[in-house]
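*Asks:* predicted model follows, preceded by the sequence.
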Amino acid sequence: EFLAAAARLAAAAAVQDTALLLFPDASAVLDDSAYQALSDISLEAGSIRLGFTYRAEVPGGTARRFVLMSAGSEVSRYEQSHLAPRDLAAGMIQGEALSPVVETPVGRVAAMIGVEALVPEIARCLMLQGAEVILWPAAAGGPLFNFARTRADENRVFVALAAPAVEGAGGAVVAPNGVAIASALPGLEFA
């Protein structure tokens, strides 16, 4: 279901001349076996940068991985480096470094996954490494929008939040002054 929706949204975004499309954290439903499908969706979308999060097998166990793809090829890859206690208890493996900062048509971007946005130092370090836009794929609802606004304002960067379209959650793009410049309607999906 996620892959079908992602393909549909990526196709709609391609027609709208979108430069970057970020999807919510889908690591609860996608694993390494979905990688080829994600790559195919990216290939069909052309030069749009697509951001996906899934569970990946790594040495020692499973990690939550974010990939930024364009035209079917990886632009960057990152394993979540800060995990919630429940993830550690479940045996998830932490990555060893923060997200790389990469040049894109929308500026220099980096990612933080899930609970990493709750740690102020992560966004600060990404900003100090030159990130102008921080991509934040999230998997749950809650006060995500408030955290996105705070991280943007603290670090004078844009924050793009992608959260599931459930009641009380949704996506948003927040300007460096903490003001939302675009937001999804909670419970509704785009396109």
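*Replies:* That came in fine, so what should we check first?
*Asks:* got the contact list for the residue nearest the centre of the chain?
*Replies:* By CA atoms, centre = their mean, the chain has its centre lying nearest to residue 137, at 3.1 Å. Neighbouring residues of residue 137 by CB atoms under 8 Å, 6 or more residues apart in numbering: 22, 23, 24, 25, 51, 52, 53, 66, 111, 113, 114, 162. C-beta: built from backbone N, CA, C; applies to glycine.
*Asks:* was I right to think residue 35 contacts residue 54?
*Replies:* Yes: under the criterion of CB atoms under 8 Å, residue 35 makes contact with residue 54 at 7.2 Å.
*Asks:* looking at the two, which is more packed in?
*Replies:* residue 54 (23 against 17; other CB atoms under 10 Å).
*Asks:* part of a strand, is the more buried one?
*Replies:* Yes: Residue 54 forms part of a strand when assessed by DSSP: H, G, I helix; E, B strand; the rest coil.
*Asks:* how close does it get to residue 3?
*Replies:* To residue 3, residue 54 is 10 Å away according to CB to CB, to the nearest Å.
*Asks:* residue 27 now?
*Replies:* 14 Å.
*Asks:* the more surrounded of these two?
*Replies:* residue 27 (24 against 16).
*Asks:* contacts only, for the more buried one.
*Replies:* By CB under 8 Å, 6+ apart, the neighbours of residue 27 are 53, 54, 55, 64, 65, 139.
*Asks:* I'd say residue 175 and residue 158 touch.
*Replies:* Yes: taking contacts as CB under 8 Å, residue 175 lies within contact range of residue 158: 6.2 Å.
*Asks:* which SSE is residue 78 in?
*Replies:* strand 73-79 (DSSP states H and E).
*Asks:* could you point out the helix or strand that follows that strand?
*Replies:* helix 85-89.
*Asks:* rewinding a little: next one: the residue nearest to the centre of the chain from residue 49, what distance?
*Replies:* Distance, residue 137 to residue 49, using CB to CB: 13 Å.
*Asks:* and if you look at residue 25?
*Replies:* Using CB to CB, we find residue 25 at a distance of 17 Å from residue 49.
*Asks:* residue 37 against residue 3, yeah?
*Replies:* Yes: using CB under 8 Å, residue 37 is in contact with residue 3, at 5.0 Å.
*Asks:* now the residue of the chain most remote from its centre. Nearest residue, chain neighbours left out?
*Replies:* What lies farthest from the middle of the chain is residue 60; by CA atoms, centre = their mean that is 23.9 Å. Distances taken as CB to CB, 6 or more residues apart in numbering put residue 93 closest to residue 60, at 5.3 Å, once the chain neighbours are dropped.
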